[in-house]
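1. The sequence and its predicted three-dimensional model are supplied below.
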Amino acid sequence: MERNKKIKPDHFCMAIFALCLLLRFIEYFLLETDKTAIGENVFHKAAGIIILAVVLKTANLTWSDIGFQRNRAVKSILKGLLLGGVCFSVAYGVELAILALQGNPAHLEIYISSFSLTGSQSNHTEFMFFVLCVFFNVINVWMEEGVFRGLFLKALSETKPFMTANVVSALLFGIWHVVMPIRSYLNREMSLPAMVLLCIGYIILSGVMGIKWGLLTHMTGSTWVGLGDHLFNNTVATNMLHVISPGGADELQIVRIMTAQLISFSIVLAMYYRSRKTIQ
């Protein structure tokens, strides 16, 4: 970016996004790694980290320049995990309360359900599966926070106000997630209207989450807090801690995620505007 001023930040970000999205499509549609023993589409995320490293090297930037400062990592990640833990504690309570009011008393169970050779929902409680879940999701959030909140936010902020750059980055992050419903539609697992609605829902929900993590990056000067919150969402709330009711597992998972994300978004947004007033 800094070496070649002729490359516009918008074009630069779109080129990186298009390349990463292409790799995502290849893994989801051709490799389908999540349907193997690995149980996760993780290769395009690892490739994204490599692309990010090459871009940083080419632009004479370091990982610290996009928010990965070593001296702030542990404390900041713990803050992000705490934010996710508090908000999801409320969300799990809301989910359990709704089920109880519906006459479906539920309870919590801890297991990993995403690792299967056949694609069936086999529940695993072996320690190895928890380690793999955490490991794959560390790669996941490292790539996504590094690209969308680290690189894109830094590049776009060179020519745009922060909030505009944050919204653009969050929109790309939302579009990043429509690959899953598109694959489900092409595999005839859902109708076209359902796919369109789900794509819109993914863009909105992921976009809100992206804006929140961008605000955290801007306020703290690092990607670590957002990365910690992102990691909690992807591991504990989505893959580890499940709500079991007479109707099955995680019937209201979307309610849980939306509740937690709206609460944390409200908290972070209030902190952002409060910090702006303090500065002024």
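-> All right, it came through fine. Numbering: from 1, shown residues only.
2. who are the neighbours in contact with the most far-flung residue of the chain relative to its centre?
-> Distance from the centre of the chain peaks at residue 103, with 32.9 Å (Cα atoms, centre = their mean). Shown in contact with residue 103 (Cβ atoms under 8 Å, 6 or more residues apart in numbering): no residues. Heads up, the C-betas are built off the backbone N, CA and C, glycines and all.
3. did I read that right, it in a strand?
-> No: secondary structure of residue 103 (DSSP: H, G, I helix; E, B strand; the rest coil): coil, not part of a strand.
4. Which parts of the protein are strands?
-> 107-110, 241-245, 248-249 (DSSP state E).
5. For the second one, enumerate the helices and strands it packs against.
-> Looking back up the chat, that one is strand 241-245. Contacts defined by 3 or more Cβ pairs under 8 Å, 6 or more residues apart in numbering; DSSP states H and E place strand 241-245 against helix 73-101, strand 107-110.
6. still on that earlier bit, same list, the strands of the chain, but as JSON lines with mean neighbour count please.
-> Converted to JSON lines, those look like this (neighbours: other Cβ atoms under 10 Å):
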{"stretch": "strand 107-110", "mean neighbour count": "12"}
{"stretch": "strand 241-245", "mean neighbour count": "18"}
{"stretch": "strand 248-249", "mean neighbour count": "13"}
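7. Out of the ones you listed, flag the one nearest residue 29.
-> strand 248-249 (27.1 Å; Cβ to Cβ).
8. Could you list the residues in contact with that closest one?
-> 109, 113, 121, 242-243.
9. rerun that using 6 Å as the cut-off
-> Strand 248-249 is contacted by residues residue 242 when judged by Cβ atoms under 6 Å, 6 or more residues apart in numbering.
10. Report the distance from that strand to the chain centre.
-> Put simply, strand 248-249 sits 24 Å off its chain's centre (Cα atoms, centre = their mean, to the nearest Å).
11. Same check on stretch 182-193?
-> That offset, for stretch 182-193, works out to 22 Å (Cα atoms, centre = their mean).
12. and that stretch, average pLDDT?
-> When pLDDT is averaged along stretch 182-193, the result is 90.
13. Figure out the length between the terminal residues of that stretch.
-> End-to-end distance for stretch 182-193: 11 Å, by Cα to Cα, to the nearest Å.
14. sorry, back to before: could you work out which of the strands of the chain reaches nearest to residue 158?
-> With Cβ to Cβ as the yardstick, what comes closest out of the strands of the chain is strand 241-245 (40.4 Å).
15. avg pLDDT for the closest one?
-> Computed over strand 241-245, the average pLDDT equals 94.
16. again with stretch 87-104
-> Here the average pLDDT along stretch 87-104 is 94.
17. Please could you give me each C-alpha atom of it, formatted as PDB?
-> Provided in PDB are the C-alpha atoms of stretch 87-104 (Å, rounded to 0.1, in the frame of the first residue of the first chain):
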ATOM      1  CA  CYS A  87     -23.200 -11.500  26.700                       C
ATOM      2  CA  PHE A  88     -23.700 -15.200  25.800                       C
ATOM      3  CA  SER A  89     -24.500 -16.000  29.500                       C
ATOM      4  CA  VAL A  90     -27.500 -13.700  29.100                       C
ATOM      5  CA  ALA A  91     -28.300 -15.100  25.700                       C
ATOM      6  CA  TYR A  92     -28.300 -18.700  27.000                       C
ATOM      7  CA  GLY A  93     -30.600 -17.600  29.800                       C
ATOM      8  CA  VAL A  94     -33.000 -16.000  27.300                       C
ATOM      9  CA  GLU A  95     -32.900 -19.200  25.200                       C
ATOM     10  CA  LEU A  96     -33.600 -21.500  28.100                       C
ATOM     11  CA  ALA A  97     -36.400 -19.100  29.300                       C
ATOM     12  CA  ILE A  98     -38.100 -19.100  25.900                       C
ATOM     13  CA  LEU A  99     -38.000 -22.900  25.700                       C
ATOM     14  CA  ALA A 100     -39.400 -23.200  29.300                       C
ATOM     15  CA  LEU A 101     -42.300 -20.800  28.400                       C
ATOM     16  CA  GLN A 102     -43.100 -23.000  25.400                       C
ATOM     17  CA  GLY A 103     -43.300 -26.000  27.700                       C
ATOM     18  CA  ASN A 104     -40.000 -27.500  26.500                       C
END
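18. in it, what counts as buried?
-> 87-88, 91-92, 94-96, 98-99 (16 or more other Cβ atoms under 10 Å).
19. Any chance of CSV for those, columns distance to residue 251?
-> Listed next are these as CSV, based on distance: Cβ to Cβ, whole Å:
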residue, distance to residue 251
87, 20
88, 17
91, 14
92, 13
94, 13
95, 9
96, 11
98, 10
99, 7
